[in-house]
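Trainee: Below are the sequence and a predicted model for it; my questions follow.
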Amino acid sequence: MKCTLPSAIAGSLLAFVFGSVALAADAPAPQGYYRYPAIHGDTIAFVAEGDVWTVGIKGGVARRLTSHPGEETHPRISPDGQLLAFAASYEGPTEVYTMPLEGGSPTRRTFSADTSVPVGWTPGGHLLYNTQHYSTLPNLQLVEIDLANGRHTRIPLSQSGEASIDPNGTIYFVRPPFHRQAVKRYHGGTARKIWRFAPKDTEATNLTADYVGESFAPMWEHGRVYFVTDRDGTLNIWSMKPCGPAAGAAAAASAHAIPSNHIYFVSIHGFFAVIDHIRNVCGERPVSSGCDSSLSLTHQPTIEVEIVLR
């Protein structure tokens with residue numbers, strides 16, 4: 001299985017394509033179903049066959065980290081690369097667990113009896129997850145866990161879905177959460193937007209109010225907020241500066257042209273992004289920093305990386 005990216009981001013770009021390979025020369029390549037990628041350094045965590053696996057960015061034999069009959073999803077690697085958080089249905093409801101990235105026994109972190117899913121980590125190593133447990137309405141809210149003492153602290157936002165946090169503690173989040181209207185170019189009243197909430201803010205700021213359609217999967221990296229939007233007609237990765245009066249303006253966003261019928265999930269860490277298509281996991285190297293307002297595009301070759309599940 002291959003994923004081809006004919007376009008790429010300005011500067012030096014290295015694209016990775018993750019697929020299955022035949023275990024024998026005369027055997028057909030199996031069709032893997034790889035979801036929920038997360039990346040840290042040279043390690044990619046992803047979900048296949050209902051379990052969490054890891055593999056290097058150069059591919060090779062993937063290592064299965066979990067084997068419980070319950071399903072695991074949404075792996076998130078801690079900033080120091082030591083822990084892996086994920087959602088799992090081990091005892092009925094979907095709760096948040098952590099385990100060493102190198103493998104080991106999972107530790108349950110939430111007991112909400114309601115679906116709880118990790119969304120990321122703070123720079124200080126606290127775990128962020130979303131849940132409806134604390135809401136009087138069916139709204140997802142962000143909660144922060146201090147793993148050292150087990151204390152849970154609600155982020156003062158009435159509604160928030162996916163989220164990313166910068167080194168200063170500013171949260172870039174999605175509101176409203178996913179509406180489950182799986183249609184292209186959705187422009188309805190529950191279209192997702194990217195919002196910013198800094199530690200000293202009294203209210204959040206809508207960064208994508210300029211576009212009536214979908215903007216989601218925010219990822220802060222190298223001074224910019226990367227996100228997924230269909231403002232050019234197809235779901236692509238765009239970026240915008242998070243600071244200054246032009247933050248969020250359409251002129252301050254630049255499309256990273258990744259032709260795709262659907263981009264479901266994106267993870268950025270360091271220089272690499274991992275893009276989860278319906279059946280493929282791909283990657284790119286964004287090159288940008290500061291609050292510049294645009295990025296040019298260039299064509300770069302694609303390097304195929306092979307993954308073997310055993």
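Mentor: Yep, that arrived. Numbering: from 1, shown residues only.
Trainee: Residue 138 - how many residues pack around it?
Mentor: Close neighbours of residue 138, defined as other CB atoms under 10 Å, add up to 8. Placement of C-beta: from N, CA and C, glycine included.
Trainee: So it lies in a strand, does it not?
Mentor: No - counting by DSSP: H, G, I helix; E, B strand; the rest coil, residue 138 is not found in a strand; it is coil.
Trainee: Distance of it relative to residue 237?
Mentor: Separation of residue 138 from residue 237 (CB to CB, to the nearest Å) stands at 30 Å.
Trainee: Same check on residue 130?
Mentor: Distance check for residue 130 against residue 237: by CB to CB, it reads 22 Å.
Trainee: Which residue ranges of the stretch 101-250 of the chain form strands?
Mentor: Taking DSSP state E, counting those that start in this stretch, the strands of the stretch 101-250 of the chain run over residues 107-108, 116-121, 127-131, 141-146, 151-154, 163-165, 171-175, 193-197, 205-206, 215-221, 224-229, 236-240.
Trainee: Counting neighbours, show which residues of the fourth one come out buried.
Mentor: It refers to strand 141-146. When neighbours are counted by 16 or more other CB atoms under 10 Å, the buried residues of strand 141-146 are found to be 141, 142, 143, 144, 145.
Trainee: How about the second one?
Mentor: Judged by neighbour count (16+ other CB under 10 Å), strand 116-121 contains these buried residues: 116, 117, 118, 119, 120, 121.
Trainee: quick check, nearest of these to residue 155?
Mentor: residue 119 (10.6 Å; CB to CB).
Trainee: returning to what we had before: dump the strands of the stretch 101-250 of the chain to a markdown table, plus distance to residue 63 and mean pLDDT.
Mentor: Formatted as a markdown table, these follow (distance: least, CB to CB, whole Å; pLDDT from 0 to 100):
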| stretch | distance to residue 63 | mean pLDDT |
| --- | --- | --- |
| strand 107-108 | 20 | 96 |
| strand 116-121 | 20 | 94 |
| strand 127-131 | 23 | 94 |
| strand 141-146 | 26 | 94 |
| strand 151-154 | 31 | 94 |
| strand 163-165 | 27 | 91 |
| strand 171-175 | 31 | 93 |
| strand 193-197 | 34 | 93 |
| strand 205-206 | 41 | 92 |
| strand 215-221 | 25 | 87 |
| strand 224-229 | 28 | 85 |
| strand 236-240 | 28 | 82 |
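Trainee: Quick one: closest of these to residue 77.
Mentor: Relative to residue 77, the nearest member of the strands of the stretch 101-250 of the chain by CB to CB is strand 116-121, separated by 7.9 Å.
Trainee: Extract the CA atoms of the closest one and return them as PDB.
Mentor: Once side chains and other backbone atoms are set aside, the C-alpha atoms of strand 116-121 remain, and they are given as PDB (Å, rounded to 0.1, in the frame of the first residue of the first chain):
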ATOM      1  CA  SER A 116     -12.100  10.100  28.100                       C
ATOM      2  CA  VAL A 117      -9.500  10.600  25.300                       C
ATOM      3  CA  PRO A 118      -6.000  12.000  25.600                       C
ATOM      4  CA  VAL A 119      -5.400  15.000  23.300                       C
ATOM      5  CA  GLY A 120      -1.800  15.900  24.200                       C
ATOM      6  CA  TRP A 121       0.700  16.900  26.900                       C
END
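Trainee: list the helices and strands it packs on?
Mentor: Where contact means 3 or more CB pairs under 8 Å, 6 or more residues apart in numbering; DSSP states H and E, strand 116-121 is packed against strand 72-77, strand 83-88, strand 95-100, strand 127-131, strand 163-165.
Trainee: What strands flank that strand, and is each parallel or antiparallel?
Mentor: Within its sheet, strand 116-121 is paired with strand 127-131 (antiparallel), according to DSSP bridges.
Trainee: contacts for the strand it pairs with?
Mentor: Among residues not part of strand 127-131, those counted as contacts by CB atoms under 8 Å, 6 or more residues apart in numbering are 76, 78, 85, 96, 98, 109-110, 112, 114-122, 140-145, 147, 155, 160-163, 165, 177.
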